[in-house]
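1. From the sequence below, what's the structure:
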Amino acid sequence: MSFKHKKRFGQNFIRDINLLNAIVADAGVSSADYVLEIGVGEAGLTKALASAAKKVVAYEIDISLKPIIDNTLSGITNVEVVYKDILKAPHTEIANRFNGAPFKVVANLPYYITTPIIMYFLESEMPLTSLTIMVQKEVAERLVAVEGSKIYGSISARLAVESEAKITRQVSRKNFYPVPNVDSAVVRIDINKNKFNFVSAKAKETFFKLQRASFAMRRKTFANNIIKELDLKREHIEATLQKVNLPTNIRGEAISVAKLVEISNLL
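-> Residues are numbered from 1 along each chain as shown. Here you go, the predicted model:
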């Protein structure tokens, strides 16, 4: 079937069956798992997921792909395709499609939607266990970056506080059709919302404020970035940094998530 790819949706499809099966393996999908796929495309990954999972719910924004998807998934009974923008779906809608059971997310994501998708799930109360996502290589490296590196940023810290993220494989641009301008990588993010101990809900809320503010202006020190955000006096912030054995002129990208949690608990 002929199809005109739409750049606005970042439509670059994978047709390599071995690669599709490898992504399913990276996600650790078993016959007991419920899986949410984002972006069905030609349904190659959907079909591979269906062969391994108990049930797949797949969201696709482009209704014009329906004839191709129907053809690819013909005869497969454990897949439900929803033609809708996932970011406009209420959390309860998705959870209800799995009857409240825990589920995994697997997706080949275009660059422009990566961070919104990650935040959509991290900020929800849905029983998500992991996200395995294909993204641009440079984005993948940013997601798993650690403190002290030039690419460590707000999203790196946000992931690190509630998950374990790792790159499972590099994927050449030649594996896609149409061929994009960059290579990609698969990142698996295992969710653990109790990874760190916060003394209160207020402390956790403070952490997220610090996480966002500390990278607002990378040339500024951590103290300068958060003074306005938390409406605190410089002396208070600097005294807190000293309590956790950090220099008062430290920048946000040099502070580990563990230290940021300590600071949040103290503040």
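
2. From the chain's centroid, how far away is stretch 14-21?
-> A distance of 21 Å separates the centroid of the chain from that of stretch 14-21, by CA atoms, centre = their mean, to the nearest Å.

3. Would you map the helices across the stretch 1-150 of the chain?
-> Counting by DSSP state H, counting those that start in this stretch, the stretch 1-150 of the chain has these helices, from start to end: 17-26, 44-52, 66-72, 91-97, 114-122, 137-143.

4. so of the ones you listed, which one's packed in deepest?
-> Of all the helices of the stretch 1-150 of the chain, helix 44-52 carries the top mean neighbour count, a mean of 21, counting by mean count of other CB atoms under 10 Å. C-beta coordinates here come from the backbone N, C-alpha and C atoms, glycine included.

5. Relative to residue 131, which of the helices of the stretch 1-150 of the chain is closest?
-> Taking CB to CB, helix 114-122 is the member of these nearest to residue 131, at 6.4 Å.

6. Show me what the closest one is in contact with.
-> For helix 114-122, contacts defined as CB atoms under 8 Å, 6 or more residues apart in numbering pick out 38, 86-87, 105, 107, 109, 128, 131, 133, 135-136, 139, 143, 155, 158-159, 162-163, 189, 191.

7. If we use 10 Å, what do you get?
-> With contact meaning CB atoms under 10 Å, 6 or more residues apart in numbering, helix 114-122 is reached by 10, 36, 38-39, 86-87, 89, 91, 94, 105, 107, 109-110, 113, 126, 128, 130-131, 133-136, 139-140, 142-143, 154-155, 158-159, 161-163, 165, 187, 189, 191, 193.

8. Now list the buried members of those residues.
-> 10, 36, 38-39, 86, 94, 105, 107, 109-110, 113, 126, 128, 130-131, 133-136, 139-140, 142-143, 154-155, 158-159, 161-163, 165, 187, 189, 191 (16 or more other CB atoms under 10 Å).

9. Of those, which belong to strands?
-> 36, 38, 105, 107, 128, 130-131, 133-136, 163, 165, 187, 189, 191 (DSSP state E).

10. Just the closest of these to residue 69, please.
-> Checking those one by one against residue 69 (CB to CB), the nearest turns out to be residue 38, at 13.9 Å.

11. nearest spatial neighbour of that closest one, skipping sequence neighbours?
-> Nearest non-adjacent residue to residue 38, counting by CB to CB, 6 or more residues apart in numbering: residue 107, 3.8 Å away.

12. Many thanks, I have nothing further to ask.
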